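**Student:** Quick one: sequence and predicted model below, then my questions.
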Amino acid sequence: MNSCPYHLSVTVPVELVKYLEWIGLEARRSGGLRLPKASIVRALVRVLMRMDVDVSGVTTQEELEERIWEAMGKNGDRFEGRSRMVGGARVGSGG
């Protein structure tokens, strides 16, 4: 699973990086191991691959996010509007 033949460089806003760092540190703080940002991103992509997301005609990041929420269906409802303050920035708003 850790064999990664490709390197992907992605530019993301600071608040998203802070959130990824928070997830990694929270895992360790709560008794697990610190999760590297790359591991978190890989896990998210693997979950996305298993979802039935309709990407036909999508032209923007915002539209893709909406399609992902739609694919989450009723389970996504419990995440609507959730956000967390990390490093002074509100991140993780749901939809």
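**Tutor:** Looks like it arrived, so ask away. Numbers count the residues shown, from 1 in each chain.

**Student:** what does the helix or strand V45 falls within contact?
**Tutor:** If you go by DSSP states H and E, V45 is part of helix 37-50. By CB atoms under 8 Å, 6 or more residues apart in numbering, the list of residues contacting helix 37-50 from outside reads 4, 10, 17, 20-21, 23-24, 68. C-betas here are computed from N, CA, C, even on glycine.

**Student:** in the protein, which spans are helices?
**Tutor:** Ranges of helices within the chain are 14-29, 37-50, 61-77, based on DSSP state H.

**Student:** Now that we have the ones you listed, can you turn them into TSV and tack on mean pLDDT?
**Tutor:** Shown next, in TSV, are the helices of the chain (pLDDT from 0 to 100):
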stretch	mean pLDDT
helix 14-29	96
helix 37-50	94
helix 61-77	84
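
**Student:** want to throw these into a markdown table with mean neighbour count?
**Tutor:** Listed next are these as a markdown table, based on neighbours: other CB atoms under 10 Å:
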| stretch | mean neighbour count |
| --- | --- |
| helix 14-29 | 15 |
| helix 37-50 | 12 |
| helix 61-77 | 13 |
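
**Student:** Tell me which residue is most central in the chain.
**Tutor:** L44 (5.6 Å; CA atoms, centre = their mean).

**Student:** For K37, see how far away that residue is.
**Tutor:** 11 Å (CB to CB, to the nearest Å).

**Student:** and if you look at V58?
**Tutor:** V58 is 25 Å from K37, by CB to CB.

**Student:** again, but for T59
**Tutor:** Distance from T59 to K37, by CB to CB: 28 Å.

**Student:** With G73 instead?
**Tutor:** Relative to K37, and taking CB to CB, G73 is found at 28 Å.

**Student:** these two touch, right, L35 and A27?
**Tutor:** Yes - at 4.9 Å, L35 counts as touching A27 under the criterion of CB atoms under 8 Å.

**Student:** ok, R34 - contacts?
**Tutor:** Here R34 is in contact with 24-25, 27-28 (criterion: CB under 8 Å, 6+ apart).

**Student:** Brilliant, that's me finished.
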